[in-house]
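A.B. asks: Provided below for reference: sequence and predicted model.
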Amino acid sequence: MDREKLDIMRHSVSHLMAAAVKELYGDVKFAIGPTIEDGFYYDFDLGKKTLSEQDLPKIEEKMKEIAKQNLKFEREELKIADALKKVNDQPYKQELIKDLEKEGEKKVSFYKLGNIFEDLCKGPHIKSTKEIGVFKLLRVSGAYWRGDERNKMLQRIYGTAFEKQKDLDNYLKMLEEAEKRDHRKIGKEQELFLIDKTVGLGLPMWFPKGALIWRVMEEFWYQEHLKNGYELVRSPHIGSRNLWETSGHWGFFSQNMYPSLEVGQTLEDAKAAKKAEVKEEYLLKPMNCPFHVILYKARPRSYRELPLRWAECGTVYRYEKAGELSGLTRVRGFTQDDAHIICSKKQVKTELLRVADFITHMLSTFGFKDYNVYLSLRDPRNKEKYAGNDEGWEFTEKIMEEVADEKKLNYKKELGEAAFYGPKLDYKIKDCLGREWQCSTLQFDFNLPERFDMKFVNDQGKEERPYMLHRALFGSFERFIGVLIEHYAGALPLWLSPIQARIINVGSAHEKYCQEVHERLLKDGIRSELDILNETVGNKIRKAEKEKIPFILVVGDKEIAAKAVAVRKRGEGDKGPQDLEKFVDMIKKEIAEKK
RNA sequence: GCCAACGUAGCACAAUGGUAGUGCAACGGUAUCGUAAACCGUAGGUUGUGGGUUCAAAUCCCACCGUUGGCUCCA
């Protein structure tokens, strides 16, 4: 069965599910029931009733019962007015039909399932329930009507369907396997990071091994930036409220910023609810850009200095709703690998192209070949969400698209996904459950230069407004490490592994030589660790394998005699003894090659 | 924030209203061992927190906190 047919079948199963829900719960208001990547869902309004996972088996039973009757799917077309009459007890369907009318439709179609369920639907569907393979309802969730949190929350049931039982089993097996790659699980097992409510939600801390991964990434990042013509700048963690009012962040995001820090008030004053006489207000930075702008504005700038490429790994804080937090991929405090490029209009395109190349280079070095690129544009119907004039948006969106085309990025356009200050190109990487996380991003900003009145003197001696690009290659260290762990299922490439080699002794007589080998490796910057505990070799190997350490070096009498190490390589098993110096050369070469 | 499920030792789990238990890890000992788990022993708990029901609560009820999957949001 090809994908198109599978989707048609799944969509029909969603109708079947709706029919079962109607049979079981009677007064149901139906919303929508589309196909999604791995299956389908349907949204229902069950009045005050909410569904829980325990309700799913009986819905499944009812579905099977209905499917057995070999009911036909039959299409019917109605004029708008007749359609509205038909669904006069279905407010959501009425709304959908009215929208179709607004879009210019004169007729709409319905699909009937036998004579038990009928639904507004464009189709197509399978001929009858005979064509349904196997299905399973997976989970329930609340979902706002039309995805708007001001609307009523409906009950959503997710399910999936396949042609054969074997396909379904494989899918369920795949989900189970995915759980093992989860960075939260691996982060705990390998002791990489910790999120603890005593410190605060969404505020990860790093154990030595995790901090080492970070450090290796950061070192590589700095080197590549210097090679690519960037300079480094640094800025503080807080900035005055005035700064954020000028930048527009306070206006657009005050709900998502930590509340202001007020100083100039003693503890006694605060207890007595006495106002400070001289009050200063600071905000934790949610972004690095305003600081870079202030640095830019510190003196008059000449066109000869442009483009300026200023990079900083800056830690920012954003107060995300508790329900939105997730491991390392969605946090409240995170470090962006940020940079701002300030340039003239003429230079914009070249700079964008350069960044696009830089992103591809960075992602591929870390082993990501499979990611989705989105061109996030303004929703012209919703202009109040955006700063800046139409002319600015048209220019920046056009040039962004040219860049994406020239770089042959296989991108998707998304209306309404732009930042408030400009369009952006987002690179999203999937986690173990197939959820996409924005990592690299390239953003146009024609808002900040305006708000901060940035200028440079051009070759005519006239003042000109520069353009500003924001970009991050990892996005944030936290999220990138999260997706990296899942991508490699915890077995990071040698160059990124916090421990590159573990040395294991056979017996206590070999401890001294182990120490010598360890020191030899450290001397050449190889991240080595000793395990000379009083344990069996088998057990020590087992522990090292579970930790996904790339090289395990076993040392006994034979190795001491030959100045060698017995090499066991991750994924390849025992490779036999190797001369110590040769091993050092080999591992150094592999590290340098970013294997 | 909203819908649902879940929360027992560092970790993985057991105990269905009647004495909180197993394995791994930790610690102490013995064994000196050659490529994924040596053996014996010790310690570890106000069962997320707070209330309630009951002679009796890990177990039932309520609230809160947290986690997970969705929804919303993501500069």
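C.D. replies: Looks like it arrived, so ask away. Since we're looking at a predicted model, the values are computed, not measured. Numbering: from 1, shown residues only, chains lettered A, B, ... in the order given.
A.B. asks: flag the shaky bits of the stretch 301-450 of chain A, pLDDT-wise.
C.D. replies: Low-confidence segments of the stretch 301-450 of chain A, defined by pLDDT under 70, are absent.
A.B. asks: who in it is up against RNA strand B?
C.D. replies: A:318-327, A:330, A:419-420, A:433, A:435, A:438, A:443 (C-beta under 7 Å from any atom of the strand). Using the backbone N, CA and C atoms, a C-beta is placed for each residue, glycine as well.
A.B. asks: quick check: ChimeraX command selecting the buried ones in those.
C.D. replies: Written as a ChimeraX command, the selection of buried residues from these, which uses 16 or more other C-beta atoms under 10 Å, is:
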select /A:318,319,326,327,330,419,420,438,443
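A.B. asks: so which of the residues of the stretch 301-450 of chain A next to RNA strand B belong to strands?
C.D. replies: A:Gln438, A:Gln443 (DSSP state E).
A.B. asks: how much space between A:Leu494 and A:Ile481?
C.D. replies: Between A:Leu494 and A:Ile481 the distance is 17 Å, computed by C-beta to C-beta, to the nearest Å.
A.B. asks: give me the pLDDT value at the closest residue to A:Lys29 other than its chain neighbours.
C.D. replies: Nearest in space to A:Lys29, with sequence neighbours left out and distances taken as C-beta to C-beta, 6 or more residues apart in numbering, is A:Asp45 at 3.8 Å. You'll see A:Asp45 listed with a pLDDT of 97.
A.B. asks: ditto for A:Lys271
C.D. replies: pLDDT, read off for A:Lys271, is 70.
A.B. asks: how many neighbours does it have?
C.D. replies: 8 (other C-beta atoms under 10 Å).
A.B. asks: same question for A:Glu397.
C.D. replies: With other C-beta under 10 Å as criterion, A:Glu397 counts 20.
A.B. asks: that one: which element?
C.D. replies: According to DSSP states H and E, A:Glu397 maps onto helix A:390-406.
A.B. asks: which residues in the stretch 51-200 of chain A form strands?
C.D. replies: A:73-79, A:107-113, A:117-120, A:134-144, A:153-162, A:193-194 (DSSP state E, counting those that start in this stretch).
A.B. asks: got the buried residues for the first one?
C.D. replies: So the one you mean is strand A:73-79. Buried-residue list, strand A:73-79, by 16+ other C-beta under 10 Å: A:Phe73, A:Leu78.
A.B. asks: quick check: mean pLDDT of it?
C.D. replies: For strand A:73-79, the per-residue pLDDT averages 95.
A.B. asks: before we move on, back to that, so which of A:Leu494 and A:Ile481 has more stuff around it?
C.D. replies: More crowded of A:Leu494 and A:Ile481, by other C-beta under 10 Å: A:Ile481, with 25 against 21.
A.B. asks: doesn't that one fall inside a helix?
C.D. replies: Yes. Counting by DSSP: H, G, I helix; E, B strand; the rest coil, A:Ile481 falls inside a helix.
A.B. asks: report pLDDT for it.
C.D. replies: A:Ile481 is given a pLDDT of 98.
A.B. asks: same question for the one 3 residues further on.
C.D. replies: The predicted local distance difference test score for A:Leu484 is 98.
A.B. asks: neighbours of A:Lys328, how many?
C.D. replies: Lys isn't right for residue A:328; it's Leu. Neighbours around A:Leu328, by other C-beta under 10 Å: 27.
A.B. asks: for A:Val565, give me its contacts.
C.D. replies: Neighbour list for A:Val565: A:Ile503, A:Val517, A:Leu553, A:Val554, A:Val555, A:Glu559, A:Pro577, A:Gln578, A:Leu580, A:Phe583 [criterion: C-beta atoms under 8 Å, 6 or more residues apart in numbering].
A.B. asks: please redo it, this time with the cut-off set to 6 Å
C.D. replies: A:Leu553, A:Val555, A:Glu559, A:Leu580, A:Phe583 (C-beta atoms under 6 Å, 6 or more residues apart in numbering).
A.B. asks: give me the subset of those residues touching RNA strand B.
C.D. replies: Filtered for proximity to RNA strand B (C-beta under 7 Å from any atom of the strand), the contacts of A:Val565 shrink to A:Val555, A:Glu559.
A.B. asks: just give the closest residue to A:Asn151, not the sequence neighbours.
C.D. replies: Nearest one to A:Asn151, counting by C-beta to C-beta, 6+ apart, is A:Trp145 at 4.0 Å.
A.B. asks: contact partners for that neighbour?
C.D. replies: A:Trp145 touches A:Asn151, A:Lys152, A:Leu154, counting by C-beta under 6 Å, 6+ apart.
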